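Trainee: sequence isn't available, so here's the structure alone:
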């Protein structure tokens, strides 16, 4: 299995470099004005060259890292039980864009949760949403990566998919609801993840679990301590007392 996936990566580098997993709204909506998008899907972006630019690893090194991830994810449970430290090291080196849709669900636990609850997302989509949250979400849709080809059209699959994910999250976590900070996170996931795993459970886990709504502010106290978290508020009073320079 690892060898077969490796061959796919080797024969289609131009496809693998494109981290947009679903194509463009301009393609789905029929012919239109010519728009040049870079390999990440951004209109007018500078990442059009297949060669490594300044600060980027050489393509040969990227391919080596891809093969390491293919091997690790092909036997994921065994890898995590015996080589968890190596997985951490490889994460810090960066996950190649060609394999993020495969690796992210495994790393944050979304794939396991998807298998345990295969129908939850569809049930949330079919339920009526809170009109208050739906109105707020729709107002913000066009603000999420407006120069990315997935989100060009209000009727395109990018904005519609983003609406679905954010609506489902308000139903899944009604005590949090919706806030603007959720939009960019969900949009990035939509660029990378396949349809079956890019749902609201991913927003809750891993580094995205810190996204909080207006009804769930960041706590200033530890649960086991009556005093504020040390160092969190102490720099604020001196900074607030210092007058700003006059123009």
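Mentor: Structure received. Note that the coordinates shown come from a computational prediction; the quantities given were computed from them, not determined experimentally. Residues are numbered from 1 along each chain as shown.

Trainee: going forward, measure contacts and count neighbours with C-alpha atoms only.
Mentor: Fine.

Trainee: pLDDT of stretch 60-69, averaged?
Mentor: Throughout stretch 60-69, pLDDT has a mean value of 92.

Trainee: also stretch 84-97?
Mentor: 91.

Trainee: buried residues in it?
Mentor: Neighbour counts using 16 or more other C-alpha atoms under 10 Å place 87, 95-97 of stretch 84-97 among the buried residues.

Trainee: how about stretch 97-110?
Mentor: By neighbour count on 16+ other C-alpha under 10 Å, the buried set for stretch 97-110 is 97-108, 110.

Trainee: pLDDT-wise, which helix or strand of this structure ranks last?
Mentor: Across the helices and strands of the chain, mean confidence by mean pLDDT, DSSP states H and E is lowest for helix 13-16: a mean of 38.

Trainee: please, which helix or strand holds residue 123?
Mentor: helix 120-126 (DSSP states H and E).

Trainee: which neighbouring elements make contact with that helix?
Mentor: Contact analysis of helix 120-126 by 3 or more C-alpha pairs under 8 Å, 6 or more residues apart in numbering; DSSP states H and E lists helix 157-172 as its packing neighbours.

Trainee: so what touches the helix it packs on?
Mentor: With C-alpha atoms under 8 Å, 6 or more residues apart in numbering as the test, helix 157-172 has contacts from 25, 121, 124-125, 129-130, 133-134, 137-138, 141-142, 150-154, 176-178, 182-183, 186-187, 190, 199-200.

Trainee: report pLDDT for residue 153.
Mentor: pLDDT, read off for residue 153, is 89.

Trainee: shaky segments in the chain?
Mentor: Within the chain, the ranges that satisfy pLDDT under 70 run 1-35, 45-55, 194-247.

Trainee: domain ranges for it?
Mentor: 2-49+57-116, 120-210 (automatic domain parsing).

Trainee: tell me which of those domains is the most buried.
Mentor: For the domains of the chain, the largest average neighbour count (mean count of other C-alpha atoms under 10 Å) is found in domain 120-210, namely a mean of 18.

Trainee: so who does residue 76 touch?
Mentor: residue 106.

Trainee: so where do the helices sit in this structure?
Mentor: 2-11, 13-16, 25-28, 59-74, 76-82, 84-93, 100-108, 110-116, 120-126, 131-140, 157-172, 182-192, 200-204, 236-241 (DSSP state H).

Trainee: so residue 100 touches residue 189, yeah?
Mentor: No: using C-alpha atoms under 8 Å, residue 100 is not in contact with residue 189; the gap is 9.7 Å.

Trainee: state the distance from residue 63 to residue 74.
Mentor: Counting by C-alpha to C-alpha, to the nearest Å, the gap from residue 63 to residue 74 is 16 Å.

Trainee: if anything else comes up later, I'll come back, but that's it for now.
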